[in-house]
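Undergrad: Have a look at this fold, sequence not included:
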């Protein structure tokens, strides 16, 4: 048994080592990241959704990582279950609905931290957006992070094309305060998968900053700083309201400033000290004033000057600004022309088409 397991681990390590070398040698084009899979077509964070994103040509797939009550890492957009699963229809879990403080906001829902992995595995996924195809609701189970890693490695072997993973640590402070920290478990899983080098096909992301700084002391894997936003006004200027105004670890530390400060030359220099990529919401890059786009070339140029790549989110064919007249490819082309290095998209096929 031990010999068999050793052979399996050795084979997996050899596969990922060759994948790492292939990825490192690949000419850089803008990355197309399957946002929660292919969420425009299938329920998010499901195996069929990830498989569809890969089939459509996505370079990376994105699992959002949260924890169960027994410490397992599963993949959901938030540590909330009602929007993306059938939990509210399950009478046996009716007593699990409760109010918790999430990033300073009182939130009532079914929380992953109140369910064991075995209980989570009885739930079924559903489409999060009411105006998207609901016909796949109830067909797919909830996925663990390990299952996503295994899928990416299997598809890398099957296709001969390196499939990366782009895990986001969700609500780091929230999980840590519950005694369910995510970061070290995530690193352990990546090590076991042979994905621990800077050139490995993995990028870890977070809206918080303290956990990324901690991760930098523990790993050479690439890190990405997400920068949130709330809205833009009629002039195209950013509007910031809690909880999207600043990283929640800043709130807990009583730190002054907001997300606009993160995107100044000084803020970007701070990010460059621990991260490899900065990923502002796309409205920091392209906003609209009187129906016309305002392109923030300076943000991209400032980041690149510091050695930071720039990724952005989320590209959605069904939520385009009227300026594009339904032409989703045009939005990608604007961002690529600005020098953006990667995009998260609910519609990976459109991203691949635009890049081509």
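TA: The structure has been received and is ready for your questions. Bear in mind the structure is a predicted one, so any value in this text is a computation, not a measurement. Residues are numbered from 1 along each chain as shown.
Undergrad: First-to-last residue distance for stretch 272-282?
TA: Using C-alpha to C-alpha, to the nearest Å, the end-to-end distance of stretch 272-282 comes out at 19 Å.
Undergrad: Could you list the buried residues of that stretch?
TA: 272, 275-282 (16 or more other C-beta atoms under 10 Å). All C-beta spots, glycine's among them, are computed from the backbone N, C-alpha and C.
Undergrad: wait, what's in contact with the closest residue to residue 355 other than its chain neighbours?
TA: Among residues not flanking residue 355 along the chain, residue 30 sits closest, at 5.7 Å (C-beta to C-beta, 6 or more residues apart in numbering). If you count contacts by C-beta atoms under 8 Å, 6 or more residues apart in numbering, residue 30 has them with 335-336, 340-343, 355.
Undergrad: Mind checking which of those are buried?
TA: 335-336, 340-343, 355.
Undergrad: helix, strand or coil for residue 226?
TA: The three-state label for residue 226, taken from DSSP: H, G, I helix; E, B strand; the rest coil, comes out as strand.
Undergrad: measure stretch 78-87 end to end?
TA: 14 Å.
Undergrad: Contacts made by that stretch with the rest, please.
TA: 43-45, 64, 66-67, 76-77, 88, 93, 96, 102, 107, 109-113, 115, 123-126, 128, 137-138, 142, 170-171, 174-175.
Undergrad: And the residue nearest to residue 355, its phi and psi?
TA: Dihedral pair for residue 30: phi -50, psi 130, per degrees, to the nearest 10.
Undergrad: For residue 43, give its distance to residue 314.
TA: From residue 43 across to residue 314, the span is 16 Å (C-beta to C-beta, to the nearest Å).
Undergrad: Looking at the two, which is more packed in?
TA: residue 43 (27 against 18; other C-beta atoms under 10 Å).
Undergrad: thought that one was touching residue 52?
TA: No: with contacts counted by C-beta atoms under 8 Å, residue 43 stays clear of residue 52, the gap being 10.8 Å.
Undergrad: From the buried ones among the contacts of residue 30, which land in strands?
TA: 342-343 (DSSP state E).
Undergrad: and the buried ones among the contacts of residue 30 as CSV, adding pLDDT and distance to residue 289?
TA: Below are those laid out as CSV (pLDDT from 0 to 100; distance: C-beta to C-beta, whole Å):
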residue, pLDDT, distance to residue 289
335, 98, 18
336, 98, 22
340, 98, 20
341, 98, 26
342, 98, 26
343, 98, 23
355, 98, 27
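Undergrad: ok, the buried ones among the contacts of residue 30 vs residue 224, which is closest?
TA: residue 342 (9.1 Å; C-beta to C-beta).
Undergrad: quick one: contacts for the closest one?
TA: Residue 342 neighbours (C-beta under 8 Å, 6+ apart): 30-33, 277, 279, 309-312.
Undergrad: One more pass at 7 Å, please.
TA: 30-31, 33, 309, 311 (C-beta atoms under 7 Å, 6 or more residues apart in numbering).
Undergrad: Of those - the most surrounded one?
TA: residue 33 (28 neighbours).
Undergrad: ok, that residue touching residue 344?
TA: Yes: with contact defined as C-beta atoms under 7 Å, residue 33 and residue 344 form a contacting pair (4.6 Å).
Undergrad: if we can go back for a sec, can you flag which of the buried residues of stretch 272-282 belong to strands?
TA: Short answer: the buried residues of stretch 272-282 in strands (DSSP E) are 277-280.
Undergrad: Dump those residues to JSON lines, plus distance to residue 185 and pLDDT.
TA: Putting these into JSON lines (distance: C-beta to C-beta, whole Å; pLDDT from 0 to 100) gives the following:
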{"residue": "277", "distance to residue 185": "22", "pLDDT": "98"}
{"residue": "278", "distance to residue 185": "25", "pLDDT": "98"}
{"residue": "279", "distance to residue 185": "23", "pLDDT": "99"}
{"residue": "280", "distance to residue 185": "28", "pLDDT": "99"}
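Undergrad: how much space is there between the spatially closest residue to residue 70 that is not a sequence neighbour and residue 69?
TA: Distances taken as C-beta to C-beta, 6+ apart put residue 116 closest to residue 70, at 4.8 Å, once the chain neighbours are dropped. Distance from residue 116 to residue 69, counting by C-beta to C-beta: 6 Å.
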